[in-house]
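Enquirer: Sequence and predicted structure below; questions after.
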Amino acid sequence: MCTNNFNFDNFNTIHHELGHIQYFQQYKDQPVVYMDGANDGFHEAIGEMMAMVAATPKHLHKIGLIKELKDDKELDINFLMSQALITISTLPFHLTNDLWRWRAFSNSIPVEDWNSEFWKMKESIVGVSAP
């Protein structure tokens, strides 16, 4: 990924993964029981933040990937919209997973109903039906 046909998606992915690494490094001196994050969402938020910061036109200009930095409101709005579409579109997916996990681990859903309840929630929140 890092050496062949490197593109902007790879650039974002690398920075996202660097966010995970940074998050893990902050836990290195903690007892083992605390070395994992409280919630997967925190890890993803740190990864997304790192990718978003690295993808800003100002940063890309600073590291030489954009030759000329223009002060252009339309460009700013387009950039922010593309970032929002990447991030906001995943919220229903994450919400479904977290709500299901909370209900499953609090014994609100009988084990034998885990799969069917997941797909009911997925259809209700995300609009996706079971395969």
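Expert: That came through fine.
Enquirer: now the farthest one out in this protein, which residue is it?
Expert: When distances to the mean C-alpha position of the chain are computed (CA atoms, centre = their mean), the maximum falls on residue 112, with 30.2 Å.
Enquirer: any idea how far that one is from residue 77?
Expert: As defined by CB to CB, to the nearest Å, residue 112 lies at a distance of 50 Å from residue 77. All C-beta atoms are positioned from the backbone trio N, CA, C, and that covers glycine.
Enquirer: Next: residue 105.
Expert: From residue 105 to residue 77 the distance is 41 Å (CB to CB).
Enquirer: again, but for residue 43
Expert: 30 Å.
Enquirer: The two: which is more packed in?
Expert: Neighbour tally, residue 43 and residue 77, criterion other CB atoms under 10 Å: the higher count belongs to residue 43, 16 against 10.
Enquirer: residues near the closest residue to that one other than its chain neighbours, how many?
Expert: In this structure, residue 43 finds its nearest non-sequential neighbour in residue 37, 5.0 Å apart by CB to CB, 6 or more residues apart in numbering. As a burial measure, residue 37 scores 17 neighbours (other CB under 10 Å).
Enquirer: which residues touch the residue farthest from the centre of the chain?
Expert: Residue 112 makes contact with no residue, according to CB atoms under 8 Å, 6 or more residues apart in numbering.
Enquirer: Provide the backbone phi and psi angles at it.
Expert: Note on residue 112: its backbone torsions stand at phi -70, psi -10 [degrees, to the nearest 10].
Enquirer: Pull out the buried positions in stretch 97-105.
Expert: 97, 100, 103, 104 (16 or more other CB atoms under 10 Å).
Enquirer: Which ones among those lie within helices?
Expert: Using DSSP state H, the subset of the buried residues of stretch 97-105 located in helices is 97, 100, 103, 104.
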